[in-house]
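1. what would the 3D arrangement of this be:
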Amino acid sequence: MMRLYAYYRSSASYRVRLALVHKNVAYELSTVSILNGDNRSPAHLERNPLGQVPVLEFELDGQRVHLAQSLAIIEYLDELHPEPPLLPRNALQRARARELAEIVNSGTQPLQNTPVLNHVEKELKADKEAWARLFIRKGLDALEARARHTAGRFLVGDTPSIADVFLVPQLYNARRFNVSLEGLETLVAVDRRCAELPRWPDAAPERQPDAPKN
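-> Reported below is the predicted structural model:
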């Protein structure tokens, strides 16, 4: 049984939950509260020296393994459980799916994560909400521009891929920060179709055991 160390509102954790439910992989959840600083505990820093979530824990050849970084975790899951695939079989489509995922993973989300926003507010004395909206919208504009050339029912063709796994949490964050989604028709339509996929809604932040109940 795999164990996922995660925080309900972490978009990177959300991505891995989506991959797990999409592949119908059973796992146990251990919550790591970013708000309470659980991610900076010695135990968690041993799992991931960056103190981030998610971390996937599993046994391999009698050894306990901790795998961090959502992209690495999802690609590992895709190799371990190849059906249904999250990376297209076609080489160019596979590269496109990774490209779209990286627009979020390296070009958007890091600029609006909690440590960055705390630094903007406390050290730069700037409006962290405005900062987040600026960079989320910039990233989504780039994603929309590329997706208009790659999308079918989903971001790359007609089958869900790693690109969609990265899209859904980023749009969740956009709505959380009240980012306008005007002009992002491709992304919004794909997000709506993702919400209709079996089990995908189960990965949503509000359905996690550590989410606030009120």
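
2. distance between the worst-scoring helix or strand of the chain on mean pLDDT and the chain's centre?
-> None of the helices or strands of the chain scores lower by mean pLDDT, DSSP states H and E than helix 114-122, at a mean of 95. Relative to its chain's centre, helix 114-122 lies at 20 Å (CA atoms, centre = their mean, to the nearest Å).

3. what's in contact with it?
-> By CB atoms under 8 Å, 6 or more residues apart in numbering, the residues outside helix 114-122 that reach it are 34, 110, 126-128, 131-132. C-betas here are computed from N, CA, C, even on glycine.

4. mind giving me the domain split of the chain?
-> 2-83, 91-195 (automatic domain parsing).

5. and those as JSON lines, adding mean neighbour count?
-> Converted to JSON lines, the domains of the chain look like this (neighbours: other CB atoms under 10 Å):
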{"stretch": "domain 2-83", "mean neighbour count": "17"}
{"stretch": "domain 91-195", "mean neighbour count": "18"}
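
6. and the end-to-end length of stretch 171-188?
-> 8 Å (CA to CA, to the nearest Å).

7. hey, where'd the helices end up in this structure?
-> For the chain, the helices defined by DSSP state H occupy 11-22, 42-47, 70-80, 91-105, 114-122, 128-150, 162-176, 185-195.

8. what mean pLDDT does the first one have?
-> Per-residue pLDDT over helix 11-22 has a mean of 98.

9. does residue 81 touch residue 23 like I think?
-> Yes. With contacts counted by CB atoms under 8 Å, residue 81 reaches residue 23, the gap being 4.6 Å.

10. and residue 127, what does it touch?
-> Applying CB under 8 Å, 6+ apart to residue 127 gives the contacts 120-121.

11. and it, what's its pLDDT?
-> With respect to pLDDT, residue 127 has a value of 98.

12. what's it sitting at in phi/psi?
-> When read as degrees, to the nearest 10, the backbone of residue 127 gives phi -80, psi 110.

13. please shift the residue numbers so they start at 375 in all later answers.
-> Sounds good: first residue 375 from here, last item residue 501.

14. how near is it to residue 438?
-> Distance, residue 501 to residue 438, by CB to CB, to the nearest Å: 43 Å.

15. about what we covered before: in CSV: the contacts of helix 488-496, plus distance to residue 493.
-> Output for the contacts of helix 488-496, formatted as CSV (distance: CB to CB, whole Å):
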residue, distance to residue 493
408, 15
484, 12
500, 10
501, 13
502, 9
505, 10
506, 12
